[in-house]
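S.K.: for reference, the sequence and a predicted model appear below.
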Amino acid sequence: MAKKVPLRQCVGCGEMRGKRDMMRVLKTAEDEICLDVTGKKNGRGAYVCKSRECLQKARKNKGLERSFKMSIPGEVYDTLEEEFSRLEAE
């Protein structure tokens, strides 16, 4: 029997994709927002496709705000974009 691939929905484009093909954005207990590269950190997770366009769409349609039920300042998105570009460079 084939192993079931866990699917997650992108908060940017709304597409369902395999968990491994996505970046997990994490909200910690201290209401801190960061990228969870391992996908194993504790906290509330939301998923974004590994493309900058999806992160920008999530910013525009307030996808992360909805997922985390809190307002997210612009600086947080800027930090996420920086982390994204660092990962793309690797």
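M.R.: Cool, the structure landed. In this text, all values refer to a predicted model and were calculated from it rather than measured experimentally.
S.K.: distance from the chain centre to the helix or strand hosting Ser85, please.
M.R.: Secondary structure assignment for Ser85, by DSSP states H and E: helix 74-89. Centroid separation between helix 74-89 and its chain, computed with C-alpha atoms, centre = their mean, to the nearest Å, is 11 Å.
S.K.: again, but for stretch 8-28
M.R.: 5 Å.
S.K.: alpha carbons of that stretch, as CSV, please.
M.R.: Output in CSV follows, covering the C-alpha atoms of stretch 8-28 (Å, rounded to 0.1, in the frame of the first residue of the first chain):
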residue,chain,number,x,y,z
ARG,A,8,-1.4,21.3,3.0
GLN,A,9,-3.1,24.4,1.6
CYS,A,10,-1.0,27.4,0.6
VAL,A,11,-2.2,30.6,2.4
GLY,A,12,-1.1,32.5,-0.7
CYS,A,13,-2.5,30.8,-3.8
GLY,A,14,-4.9,28.3,-2.0
GLU,A,15,-3.4,25.3,-3.8
MET,A,16,-3.2,21.9,-2.1
ARG,A,17,0.4,20.5,-2.2
GLY,A,18,2.5,18.0,-0.4
LYS,A,19,3.8,19.2,2.9
ARG,A,20,7.4,18.6,1.9
ASP,A,21,7.1,21.0,-1.1
MET,A,22,6.0,23.9,1.1
MET,A,23,7.5,26.3,3.7
ARG,A,24,6.0,26.3,7.2
VAL,A,25,5.4,29.7,8.7
LEU,A,26,5.2,29.4,12.5
LYS,A,27,3.5,31.3,15.2
THR,A,28,5.1,30.6,18.6
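S.K.: what comes up buried for it?
M.R.: 8, 10-13, 17, 22-27 (16 or more other C-beta atoms under 10 Å). Just so you know, the C-beta spots here come from the backbone N, C-alpha and C atoms, and that holds for glycine as well.
S.K.: next: stretch 43-54.
M.R.: So for stretch 43-54, counting by 16+ other C-beta under 10 Å, buried means 43, 45-49, 51, 54.
S.K.: mind picking the two most distant members of those?
M.R.: Pairwise distances across these peak at 23.0 Å for Gly43 and Ser51 (criterion: C-beta to C-beta).
S.K.: return the subset of the buried residues of stretch 8-28 lying in strands.
M.R.: Residues of those located in strands (DSSP state E): 8, 17, 22-27.
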